[in-house]
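[1] model the following, please.
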Amino acid sequence: MAFGPLVWYCCPAENGFWSKAVENAFGAYTPCGVDSLVVAVSHLVLLGLCFYRIWRIKKDVTVQWFCFRSNLYNYALACLATYSAVEPLFRLIMGFSMLNLDGLPGLAPFEIVSFIIEALAWCSMLVMIVLETKVYIYEFRWFVRFGVMYALVGVIVMLNLILPLNDFYSRNHFAVSFGTEKVLLMVLFGVFFVT
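    So this is what the prediction gives:
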């Protein structure tokens, strides 16, 4: 017998698609486990790192402040961060779920939580980038870059789970919910942000 709140949070279907499609210890809880333990946690780490860097930019008097000669680079990063923040909100509002292959109504609570955390993480990244158009500091930048790479790894793990099952999705649903443009944009953001 499963733990009641876990069943509510994960919404596994008895003898559903996920209990038959994957061969791992999670079974029917696979989408919940991967989304919560990998994607949501990686975006929580990114959120915390961005908040800390924002605090250092705004409140820490021990750091040296610099200004960029041109903010074009930051504007490009801001566009990519905006897309990354809007995309999970769009999926949340429209109810697009890549993990609901059993035909259950609506989004599962773990998906809602994951979408909210992902949107907050990228919104904090956007705020940080906008702040850096005015003031830039060297401190803590590599930690935030690690957070971006960690979030990218989380998205790639989710894509690795979903890609072998693309026969079970309609082409339009796959493109809207988890198209490869999301991964490509995150890789592009990671390359721009790390350099």
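[2] ok but Glu87 is inside a helix, no?
    Yes: counting by DSSP: H, G, I helix; E, B strand; the rest coil, Glu87 is part of a helix.
[3] spatially central residue for this protein, please.
    Glu118 (4.1 Å; C-alpha atoms, centre = their mean).
[4] helices or strands up against the helix or strand containing Ser114?
    In this assignment (DSSP states H and E), Ser114 forms part of helix 109-132. Applying 3 or more C-beta pairs under 8 Å, 6 or more residues apart in numbering; DSSP states H and E, one finds that helix 109-132 contacts helix 4-10, helix 41-59, helix 72-94, helix 141-162. Yep, even glycine has a C-beta here, placed from its N, CA and C like the rest.
[5] can I get the CA coordinates of the second one in CSV?
    Put plainly, it is helix 41-59. Once non-C-alpha atoms are left out, helix 41-59 reads as follows in CSV (Å, rounded to 0.1, in the frame of the first residue of the first chain):
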residue,chain,number,x,y,z
VAL,A,41,15.7,19.9,-7.8
SER,A,42,18.0,21.2,-10.5
HIS,A,43,15.8,24.2,-11.0
LEU,A,44,15.6,24.8,-7.2
VAL,A,45,19.4,24.9,-7.1
LEU,A,46,19.4,27.4,-10.0
LEU,A,47,16.8,29.5,-8.2
GLY,A,48,18.8,29.6,-5.0
LEU,A,49,22.0,30.4,-6.8
CYS,A,50,20.3,33.3,-8.7
PHE,A,51,18.8,34.7,-5.5
TYR,A,52,22.1,34.7,-3.8
ARG,A,53,23.9,36.4,-6.7
ILE,A,54,21.1,39.0,-6.9
TRP,A,55,21.6,39.6,-3.2
ARG,A,56,25.3,40.0,-3.7
ILE,A,57,24.7,42.5,-6.5
LYS,A,58,22.3,44.6,-4.6
LYS,A,59,23.4,44.4,-0.9
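[6] residues of that helix that come out buried?
    Neighbour counts over helix 41-59 (16 or more other C-beta atoms under 10 Å) mark 41-47, 49-50, 52-54, 57 as buried.
[7] put together a markdown table for the helices and strands packed on helix 109-132, with mean pLDDT and distance to Val127 on each row.
    Below are the helices and strands packed on helix 109-132 laid out as a markdown table (pLDDT from 0 to 100; distance: least, C-beta to C-beta, whole Å):
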| stretch | mean pLDDT | distance to Val127 |
| --- | --- | --- |
| helix 4-10 | 79 | 29 |
| helix 41-59 | 92 | 6 |
| helix 72-94 | 87 | 9 |
| helix 141-162 | 85 | 12 |
